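Q: What would the 3D arrangement of this be:
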Amino acid sequence: MHIISIVGPTAVGKSAVAFALAEQFLSNGTVTGVDLISADSRQVYKGLEILSGADEPPINPNIRLHGVSIVQPTEEWSLAHFHQLAHRLIENGENENRVVIVVGGTGLYQSQLLQSEIEGQAPPLTDVREKAEGMSVSELQAWLAELDGKAVANLNQSDISNPRRLVRAIERALWLQKKPSVKNVPSKHTQQFFGLQTTKEDLVERIRQRVKQRLEQGVVSEVALLEARLEELGTPLTSLPAHSACGLREVLAFSRGEIEREQCIDLWTQREVAYAKRQATWWKKYPDVQWFDITDKDWLEKLVAAASDSISR
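A: Here you go, the predicted structure:
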């Protein structure tokens, strides 16, 4: 089965292209339906639909959207979870003559899709988590360094100060010590990457306008409601996996009166722009991506033609 992957920086319009491709494939009459799989590590969380920019289910019943608003903010979501979801849909699509389009900016999810052995498969370890509950950040760092010094060096400043991420790194280090050696084997499926890009100025403006739109859509109320629900459970929002979502800290600061609306927009935009830069850096490592500049004339028609050709092979 041939899988289409739409990649590129945040706010460049990947979801719109994926929906346009889905409609085109259906209009050709060669497939029975299209499955869109969101490869976004934050759109999976319920209660953060506005903040994460989660796509709404398509009107066309032959187009199905997966991987959006499917887990609680208190639950973990990892590459392993995404891998399991995506492969179930890929196998189903092959059996039912449906096209699979993977869309989203989490590069690890996209690039590891067809790997037989994926990174980050380490399961939660109850004994590790029970021990970690009484440990400080510095103690967790020392534990990880003892297990895998390179893992500590590879963590960014945010990760190395985050107890939850340190615990996951410890679990992975322990798991890698015990797991059997397994080599990746070639997949029976193929994957074609189509990337969207634009100028730096255009991308910054797109991000800024999207931030403003989400504020107008009620993201402050959305975050406040989620925070209130979690407080009833005795779970601080800042301790959750979803807390790293772009904009969440800025929205919280704005809702508490710590910053003004314009400052919230500026800071949120800056965070999204920094994220877009990291995405661009990630995809530079992959020469097989076919890039389309959305400022060029007829770029969408060319992309649709290339994608249509790839699934007809």
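Q: residues in contact with the spatially most central residue of the chain?
A: By Cα atoms, centre = their mean, the mean C-alpha position of the chain lies nearest to D40, the distance being 2.1 Å. Contact analysis of D40 by Cβ atoms under 8 Å, 6 or more residues apart in numbering lists S52, A54, G67, V68, G104, G105, T106. For the C-beta atoms, the positions are set from N, CA and C on the backbone; glycine is no exception.
Q: redo that, cut-off 7 Å
A: S52, G104, G105, T106 (Cβ atoms under 7 Å, 6 or more residues apart in numbering).
Q: And the closest residue in space to D148 that isn't next to it in sequence, how far from I160?
A: In this structure, D148 finds its nearest non-sequential neighbour in A173, 4.2 Å apart by Cβ to Cβ, 6 or more residues apart in numbering. Per Cβ to Cβ, to the nearest Å, A173 is found 14 Å from I160.
Q: Tell me where the stretch 101-250 of the chain has helices.
A: 107-111, 126-132, 137-147, 149-154, 157-160, 163-178, 200-216, 219-232, 248-255 (DSSP state H, counting those that start in this stretch).
Q: same for the first one, what does it pack against?
A: Where contact means 3 or more Cβ pairs under 7 Å, 6 or more residues apart in numbering; DSSP states H and E, helix 107-111 is packed against helix 79-96, helix 261-283.
Q: so what does the first one touch, helix or strand wise?
A: For helix 79-96, the helices and strands in contact under the criterion 3+ Cβ pairs under 7 Å, 6+ apart are strand 33-38, strand 98-103, helix 107-111.
Q: which other residues reach the worst-scoring helix or strand of the chain on mean pLDDT?
A: The least trusted helix or strand in the chain, going by mean pLDDT, DSSP states H and E, turns out to be helix 157-160, with a mean of 74. If you take Cβ under 7 Å, 6+ apart as the criterion, helix 157-160 is touched by Q141, V152, R165.
Q: Export these to a markdown table and append columns for neighbour count and distance to I207.
A: Converted to a markdown table, the contacts of helix 157-160 look like this (neighbours: other Cβ atoms under 10 Å; distance: Cβ to Cβ, whole Å):
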| residue | neighbour count | distance to I207 |
| --- | --- | --- |
| Q141 | 19 | 33 |
| V152 | 19 | 32 |
| R165 | 18 | 25 |
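Q: Show me which of those is closest to G29.
A: If you rank those by distance to G29 using Cβ to Cβ, R165 comes first, at 47.3 Å.
Q: which residues does the closest one contact?
A: Here R165 is in contact with D159 (Cβ under 7 Å, 6+ apart).
Q: let's go with 10 Å and repeat that
A: L140, L144, L155, N156, S158, D159, P241, S244 (Cβ atoms under 10 Å, 6 or more residues apart in numbering).
Q: Roughly how far does it sit from V289?
A: When distance is defined by Cβ to Cβ, R165 is 28 Å away from V289.
Q: again with S239
A: S239 is 36 Å from V289, where distance means Cβ to Cβ.
Q: more crowded one of the two?
A: Counting neighbours by other Cβ atoms under 10 Å for S239 and for V289 shows that V289 has the greater number, 18 against 12.
Q: just checking, that one touches Q192?
A: Yes - between V289 and Q192 there is a contact under Cβ atoms under 10 Å: 9.2 Å.
Q: Determine the residues that are contacts of both of these two.
A: S5.
Q: picking that back up, what about A173 and I160, which has more around it?
A: Neighbours were tallied for A173 and for I160 using other Cβ under 10 Å; the higher tally belongs to A173 (21 against 17).
Q: follow-up on the earlier one: could the helices and strands packed on helix 79-96 go into CSV alongside mean pLDDT?
A: Shown next, in CSV, are the helices and strands packed on helix 79-96 (pLDDT from 0 to 100):
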stretch, mean pLDDT
strand 33-38, 97
strand 98-103, 97
helix 107-111, 90
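Q: Relative to V7, which of the ones you listed is closest?
A: For V7, the closest of the helices and strands packed on helix 79-96 is helix 107-111, at 5.7 Å, according to Cβ to Cβ.
Q: which ones are touching S161?
A: Counting by Cβ under 10 Å, 6+ apart, S161 has contacts V137, Q141, L155.
Q: which residues sit in contact with the second one?
A: I take that to be Q141. Neighbouring residues of Q141 by Cβ under 10 Å, 6+ apart: M135, V152, L155, I160, S161, P163, L166, A169, I170.
Q: so what strands line up beside the lengthiest strand in the chain?
A: In the chain, assigned by DSSP state E, the strand with the most residues is strand 190-197. Strand 190-197 has the following sheet partners, assigned by DSSP bridges: strand 2-7 (parallel), strand 290-293 (parallel).
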